[in-house]
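J.: coordinates only, sequence not included:
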């Protein structure tokens, strides 16, 4: 497996992985990444600014198996959001989530962010385990500027 920056040809694969995973957990609902208007052009969104990044995991045959990214959330307070961390079922269980998170954290730190924030759902128990094990602290509620329409109910932050 190899991790690299997103390319235009990765958009549909990431969209499929993300939507398949969210649907599996009953989260194909408004207010989740399932309906994100940027899914068809993720590379454009993340490449539009130097303080954003998205990393893709590909297998030995070059097939996209998942990814993770970050973008500004509350620039005035140095907070980025850990976004769209999803893996194909075949890529789960190999520690790739931890590698992706570490890569995103390293990028965020170099981009000038002080903290990474994320929103999740209690149905995503494996993801919550990964976040907690990676040092993210649970918050009582969302921080300002959240636009997930109440669909998410788990909020975490980590100082970089």
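T.: Thanks, I have the structure now. These numbers come from a predicted model, not from an experiment.

J.: mean confidence for stretch 80-98?
T.: The pLDDT scores in stretch 80-98 average 90.

J.: wait, doesn't residue 34 sit right on residue 24?
T.: No. If you go by CB atoms under 8 Å, residue 34 and residue 24 don't touch, sitting 11.1 Å apart. For every residue, glycine as well, the C-beta is placed using N, CA and C.

J.: neighbour count for these two, which is higher?
T.: Neighbours around residue 34 and residue 24, counted as other CB atoms under 10 Å, are more numerous at residue 34. The numbers are 18 against 11.

J.: verify the assumption that that one is located in a helix.
T.: Yes. Counting by DSSP: H, G, I helix; E, B strand; the rest coil, residue 34 is located in a helix.

J.: contact partners for it?
T.: Residues near residue 34 by CB atoms under 8 Å, 6 or more residues apart in numbering: 18-19, 22-23, 27-28.

J.: again with residue 151
T.: 27, 29-32, 121.

J.: kindly write the ChimeraX command that selects the buried subset of those.
T.: Per 16 or more other CB atoms under 10 Å, the buried members of the contacts of residue 151 correspond to this ChimeraX selection:
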select :27,31,32,121
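
J.: widest-spaced pair of the contacts of residue 151?
T.: 30 and 121 (13.2 Å; CB to CB).

J.: scan the contacts of residue 34 and report the most crowded one.
T.: Neighbour max across those (other CB under 10 Å) = residue 18, 22 neighbours.

J.: which residues does the residue nearest to that one when sequence neighbours are not counted form a beta bridge with?
T.: Nearest non-adjacent residue to residue 18, counting by CB to CB, 6 or more residues apart in numbering: residue 86, 4.6 Å away. Per DSSP bridges, the residues bridged to residue 86 are residue 67.

J.: residue 86 contacts residue 15, correct?
T.: No. Contact status for residue 86 versus residue 15: not in contact, 9.9 Å apart, counting by CB under 8 Å.

J.: comparing the two, which residue is more hemmed in?
T.: Using other CB under 10 Å, the more surrounded residue of residue 86 and residue 15 is residue 86, with 24 against 20.

J.: distance of the residue of the chain positioned farthest from its centre relative to residue 14?
T.: Relative to the centre of the chain, the most outlying C-alpha is that of residue 61, 23.5 Å out, by CA atoms, centre = their mean. Remark: distance between residue 61 and residue 14 (CB to CB, to the nearest Å) = 17 Å.

J.: also residue 136?
T.: Counting by CB to CB, the gap from residue 136 to residue 14 is 22 Å.
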